[in-house]
Each structure stands twice: as C-alpha cells, then as structure tokens.
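Trainee: One predicted model, sequence on top.
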Amino acid sequence: MSFAKKVLSIGILSTFGVAASASAQSAINGAGASFPAPFYQRAFAGAAAKGIKVNYQSVGSGAGVRQFVAGSVDFGATDEPIKASEAAKVKRGVVQFPAVGGTIAIAYNKADCNGLKLSQKQAVDIFLGKIKTWDELKCGKGRITVAHRSDGSGTTFAFTNSLSAFSSEWKSKVGEGKSVKWPVGVGGKGNEGVAGVIGNTPGAIGYVNQSYVKGKIKAAALQNKAGQYVMPTLAGGAAALNNITLDGNLAGEDPNPAGAKSYPISTLTWILAYKTGNGSKAGQIRAAMIYLLGQAQNQADDLGYVPLKGDILKKAKAAVAQIGA
C-alpha cells in the first residue's frame, strides 16, 4: 500500500516532558508533502512513548497548503515555501521552518542501462519530449516513457525550478510551479505514484525523492553547474544545501547551486504551524516538532534524506518556540 493511500498514523507514548494525560491523547493532525513522508513516518514512530499521537496524510504539498490555510489540520507540510498571499489568509499566524533536506533524483527503470549520466540539456530535452528513445542517450534501446506528477506538488516545483535554471527554453515553454503543463508523459499521484509508474514500466524515467529509488528504480548522475556529474546522495545534497540562505520566513532555494560536489536538484521541505489558536495541543505540537528536528535527523541519511545542520537547524528549532496556545 502506498503512503499516499494511507494515513500515516503513528502513536507515540512516553514522557518528553509531557505526561500521558487526557490532553495527550488528542491526536495531532497534519497533511501535505509526499516528498518527506517516509522520513516523517519514521520520525514520529521513533519518538516512542512521548505521550503524542500524530496522524499525517501524505496528500501532496498543494493539498497540504490548502488544508493548512483552511485551518482543517494542526500543521501542514510543503516542499515549496508558503506564498505571502496564502499566508495572509491565515489569521492565526504562520510558523514556517525547514524540517529536512533531500535530493530529487531523475530515476529510471531500464535493465540494460547502468550508470546513466545526463547533462542538464539532456535532462531538459527528455522532459520536453525532444529525446524520445534510450538509443539517443546511448544507454540501451527502446522508447522512453516519461513519468511526472499529476497532483499539485512541491517536488514538481523544485524539479521544474531547476529545469528553468538549466534551460531558457524550458523556462519560456513550461516554466516552474507546483503544477505545470507537461509537454509529454504519464502522471502519477505523489512521489509514491510516480515511483509506481517508473517501477512498473520498463523504459520509464521520471523524478522522485531519492528515498524512492529502490528495486528496479535507479538514479542517474546529473551534471551540475560546475560541469561535474553527481549522484543524488547525502554528500551531493549536503554540498548543495550549504549554498542556501534562508530569508526571514525561513524560506530559501538554489535551483542550480555552485560547487563541484553539489547535486543540482536539492531542496528543503517545510512544516507549517500556527502561531496561535493551538489550545491544549500547543505543547504536544512543539514536542513533536522538536523531536523531528532532534533525534530524527540522525535517521535522515538512512532513509535517503539530507539531515539539517548548522545555522539552518538552529533557526528551525528557534521557530518551533513561536508555536503558542
């Protein structure tokens, strides 16, 4: 069963400075990005016996932001920072902070293609539909099936933002956003859906968080701004994220970072919480988020993510303190 088709309901029972009281039995409800869903599942489950129960729905960044703005969840999750126009609708105030980093892999399923290396131009041309066969990539034979997101997605925003940075043609013809008009391809809902399309379709290629690269699905090495071909690993992601400077709302991006070791499609993913109106859940929400930014970061690499460190982590932890009753 995919993450997108189930609610990630994780009960966490112990202290964390919060007694298992009646108020601790109230579930914290969150919804949003599928990109970090495996990390969130492990993080909330790993905070064993903390007196907190978290229900997280992996529904995509677009739906997560809509539910957050509507006030139907206790927190939202998005791979694209909330827009000022959206934040203005939230009367309770917005606390936004990065929760973990990650790389977006150009992933493929082609048994006779090993060690695929793509230039930035080749990556763009595949998703423009200009490169149609594996023969053109000199990596096996047969037609290419492009897979992309069908839902509003922060992963799509980050991916298309990088393609726009790689190519003026992509920027003018398609552009960047949570949803774009794809020139070619088959849609899948969530990172899970795209991974499903790729895994079930020999000859397919698409984009997913690195954590979904497994089994038949392999990741291509992608040319970076320095001209080097880099895999979407912890090292490549960390080198790229070190180039991101956060603004006053803890938002920040670099769609084609400098550095010989940087993987070019690397991004942060954000939690959206409320400054006020949290009532008796305020302490539980803060505790869950502190755990997410604490011990859980040690598990990020094992799951295919890039843990937060240094100034970014310090600022994220400071933001959690703004979550009030």
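Mentor: Arrived safely.
Trainee: Excluding chain neighbours, what is closest to residue 266?
Mentor: residue 240 (3.6 Å; Cβ to Cβ, 6 or more residues apart in numbering). C-beta: built from backbone N, CA, C; applies to glycine.
Trainee: Residue 321 now?
Mentor: Counting by Cβ to Cβ, 6+ apart, the nearest residue to residue 321 once its immediate chain neighbours are dropped is residue 286, at 7.3 Å.
Trainee: Relative to residue 81, how far out is the one you found?
Mentor: 21 Å (Cβ to Cβ, to the nearest Å).
Trainee: same thing with residue 36?
Mentor: From residue 36 to residue 81 the distance is 14 Å (Cβ to Cβ).
Trainee: just to revisit the earlier point, for residue 286 and residue 81, indicate the residue with more neighbours.
Mentor: residue 81 (24 against 21; other Cβ atoms under 10 Å).
Trainee: wait, what's in contact with that one?
Mentor: 96, 249-253, 270 (Cβ atoms under 8 Å, 6 or more residues apart in numbering).
Trainee: Next, give me the two most distant ones among those.
Mentor: The largest separation in the contacts of residue 81, counting by Cβ to Cβ, is between 96 and 253 at 13.5 Å.
Trainee: ok, back up a step: which one of the contacts of residue 81 sits closest to residue 125?
Mentor: Nearest member of the contacts of residue 81 to residue 125, counting by Cβ to Cβ, is residue 253, at 23.5 Å.
Trainee: Tell me, how many residues neighbour that closest one?
Mentor: By other Cβ under 10 Å, 19 other residues sit near residue 253.
Trainee: thought it was touching residue 267?
Mentor: Yes: counting by Cβ atoms under 8 Å, residue 253 touches residue 267, with 6.7 Å between them.
Trainee: Quickly list what's touching both of the two.
Mentor: What both residue 253 and residue 267 touch, as defined by Cβ under 8 Å, 6+ apart, is the set residue 158.
Trainee: Buried residues, the host helix or strand of residue 45. List them.
Mentor: Residue 45 belongs to helix 37-46 when assigned by DSSP states H and E. Across helix 37-46, burial judged by 16 or more other Cβ atoms under 10 Å covers 37-44, 46.
Trainee: got these as TSV, with distance to residue 77 and pLDDT columns?
Mentor: Shown next, in TSV, are the buried residues of helix 37-46 (distance: Cβ to Cβ, whole Å; pLDDT from 0 to 100):
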residue	distance to residue 77	pLDDT
37	9	94
38	13	93
39	10	95
40	7	95
41	12	90
42	15	90
43	12	90
44	12	88
46	17	74
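Trainee: now, which of these sits nearest residue 293?
Mentor: Looking across those and measuring by Cβ to Cβ, the closest to residue 293 is residue 43, at 9.3 Å.
Trainee: Show the contacting residues for that closest one.
Mentor: Contacts of residue 43 (Cβ under 8 Å, 6+ apart): 291-292, 296, 299.
Trainee: Let's see that with 6 Å instead.
Mentor: Residue 43 makes contacts with 292, 296, as judged by Cβ atoms under 6 Å, 6 or more residues apart in numbering.
Trainee: For residue 68, see how far away residue 84 is.
Mentor: Residue 84 is 14 Å from residue 68, by Cβ to Cβ.
Trainee: Of the two, which one has the most company?
Mentor: Ranked by neighbour count (other Cβ under 10 Å), residue 84 and residue 68 place residue 68 first, with 28 against 9.
Trainee: Next, the contact list for the more buried one, please.
Mentor: Residue 68 neighbours (Cβ under 6 Å, 6+ apart): 76, 272.
Trainee: tell me the secondary structure for residue 85?
Mentor: State at residue 85, reduced to three classes by DSSP: H, G, I helix; E, B strand; the rest coil: helix.
Trainee: ok, residue 141 touching residue 135?
Mentor: Yes: Residue 141 is within contact range of residue 135, at 5.4 Å (criterion: Cβ atoms under 6 Å).
Trainee: same for the longest strand along the chain, what does it pack against?
Mentor: Using DSSP state E, we find that the single longest strand of the chain is strand 94-109. Secondary-structure packing of strand 94-109 (3 or more Cβ pairs under 6 Å, 6 or more residues apart in numbering; DSSP states H and E): strand 204-209, strand 218-219, helix 234-241, strand 266-274, helix 310-320.
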